[in-house]
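In: what's the 3D shape of this:
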Amino acid sequence: MKKYSFVRIILIVAILFSWNNVVFAGIGGDFNIGGGSSGGVYYAMSTTFAQFFNDVGGLGQFTAYPTTGTGQNLAFLKAGEIEFAIIAAPIGADALKGVNDWKGKQYDGLRSICFLYSTYMQFFPTPQSEIKTLADIKGKRVAVGAAGGGDQFVMRKLLLPLNITFDDFKPEYVGAADSVELLRDGHLDCAPGFTNIPWSTMVELTNAGKVTIMGMEKEHIEKITTGDDAEFFPITIPAGTYKDQKEDVFTAGMGTLLCVDSKISDEQVYAMTKAIYTNTEDLSSRHASISNIAPSQVSMIKGVPLHPGAIKYYKEIGALK
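Out: This is a model prediction of the structure:
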């Protein structure tokens, strides 16, 4: 039997590791979870999951990584600066395909772990703005999310069927906390809220009569939620969700996902997925947005393929065939 020197073996292993560009099998390490801007749900989710995984123990050391949202999370994942992130599913799908804002910047290493919650497309115009539908934002001062964040990418996708671009109004690149202040001071006409309901950030302003809740037109909803490749789905904001909201508000929804880079080992992702669903009572109690988290929601993941480690767990418990 041919014998190899120790040095030669080390060189072979190093070459194989570089060639495959994957993480060695096993569990543990130091990991970052990308979230969002202060005051937003993505920021809360990153801190929630980092603390949860640390409390479970045996999975590694997790740290919430501050970002401006989905856009920056995807860029950081691709660059290897973070390993996990909270992602808006439609934007992740764009990055995977290298289309829209991701043309020439394709990131085919994005994988999903679990569905966190349904994100509602909510809009909060001021009464004096006279904005009744999204088509009315032309010429108005509208928040579009922090620079590099996910909200602006979602906003562009939503406006495409209306043939409206950011050149048609006055975009303000501010996050959730800053948009509230600008609305309160009369320096904004409308701000989007791509999050759960009720959006706590806007509850105070709706209670004070500074803004009202607005959804989307029926035809607009149908255009972005119809077809096998649809990344959004119809969803309803029930009457009474916000003050003086006397009727249901119809709009579109999208999935918010916990995602991971494909290079993270199957063993690591399997163990994390199992930890989530064998501790749902604990996890769901940490934040209202994920109070209904369940493995059956895996069928709601659209546009971002599952990581093999997650697939293994879902098949093991019968959530996937």
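
In: which residue packs closest to residue 147, ignoring adjacent ones?
Out: With sequence-adjacent residues excluded and distances taken as Cβ to Cβ, 6 or more residues apart in numbering, residue 147 is closest to residue 173, at 4.4 Å. Placement of C-beta: from N, CA and C, glycine included.

In: Next, the nearest residue to residue 56 once chain neighbours are set aside: phi, psi?
Out: Leaving aside its sequence neighbours, residue 56 sits nearest to residue 275 (Cβ to Cβ, 6+ apart; 4.8 Å). Residue 275 adopts backbone torsions of phi -60, psi -40, taken as degrees, to the nearest 10.

In: do the same with residue 79
Out: phi -80, psi -10.

In: Please, where are all the strands along the stretch 151-300 of the chain?
Out: 170-172, 190-195, 233-237, 249-261 (DSSP state E, counting those that start in this stretch).

In: Contacts for the second one, please.
Out: Judged by Cβ atoms under 8 Å, 6 or more residues apart in numbering, the contacts made with strand 190-195 from elsewhere in the structure are 40-41, 88, 119-126, 129, 131, 137, 140-145, 150-151, 154-155, 176, 179-180, 182-183, 199, 201-202, 211, 214, 254, 289.

In: got it, and stretch 43-60?
Out: Contacts of stretch 43-60 (Cβ under 8 Å, 6+ apart): 27-31, 33-37, 61-66, 84-86, 116, 256, 258, 268, 271-272, 275, 279, 282-283, 286-287, 289-290.

In: Derive a PyMOL selection command for the buried subset of these.
Out: Here is the PyMOL selection string for the buried members of those, based on 16 or more other Cβ atoms under 10 Å:
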select buried, resi 31+33+34+35+36+37+62+64+65+84+85+86+116+256+258+268+271+272+275+283+286+287+289+290
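
In: How many residues are close by residue 218?
Out: By the criterion of other Cβ atoms under 10 Å, residue 218 has 10 neighbours.

In: Disregarding flanking residues, what is the spatial nearest neighbour of it?
Out: Going by Cβ to Cβ, 6+ apart, residue 218 has residue 250 as its nearest residue, at 6.8 Å.

In: That neighbour and residue 221 touch, don't they?
Out: Yes. Using Cβ atoms under 8 Å, residue 250 is in contact with residue 221, at 6.4 Å.

In: Mind listing the shared neighbours of those two?
Out: residue 234.

In: Give me the more crowded residue out of those two.
Out: Taking neighbours as other Cβ under 10 Å, residue 250 and residue 221 compare with residue 221 leading, 21 against 15.

In: now the more buried one: how far from residue 232?
Out: 8 Å (Cβ to Cβ, to the nearest Å).

In: swap in residue 210?
Out: Taking Cβ to Cβ, one finds residue 210 at 28 Å from residue 232.

In: quick one, which of the two is more surrounded?
Out: With neighbours defined as other Cβ under 10 Å, residue 210 and residue 232 compare such that residue 232 has more, 24 against 18.

In: so what's the more buried one scoring on pLDDT?
Out: Confidence at residue 232, expressed as pLDDT, is 91.

In: can you give me phi and psi for it?
Out: phi -110, psi 170.

In: What residues sit buried inside stretch 264-278?
Out: 264-277.

In: between these, which is closest to residue 79?
Out: The nearest member of the buried residues of stretch 264-278 to residue 79, counting by Cβ to Cβ, is residue 264 at 14.6 Å.

In: right, and the closest one touches residue 83 too?
Out: Yes. Residue 264 is within contact range of residue 83, at 5.7 Å (criterion: Cβ under 8 Å).

In: So for the lengthiest strand in the chain, mean pLDDT?
Out: In the chain, taking DSSP state E as the definition, the longest strand is strand 110-125. Per-residue pLDDT over strand 110-125 has a mean of 96.

In: mind listing what residue 114 touches?
Out: If you count contacts by Cβ under 8 Å, 6+ apart, then residue 114 has 257, 258, 273, 276, 277, 293, 295, 297, 298, 301, 310 around it.
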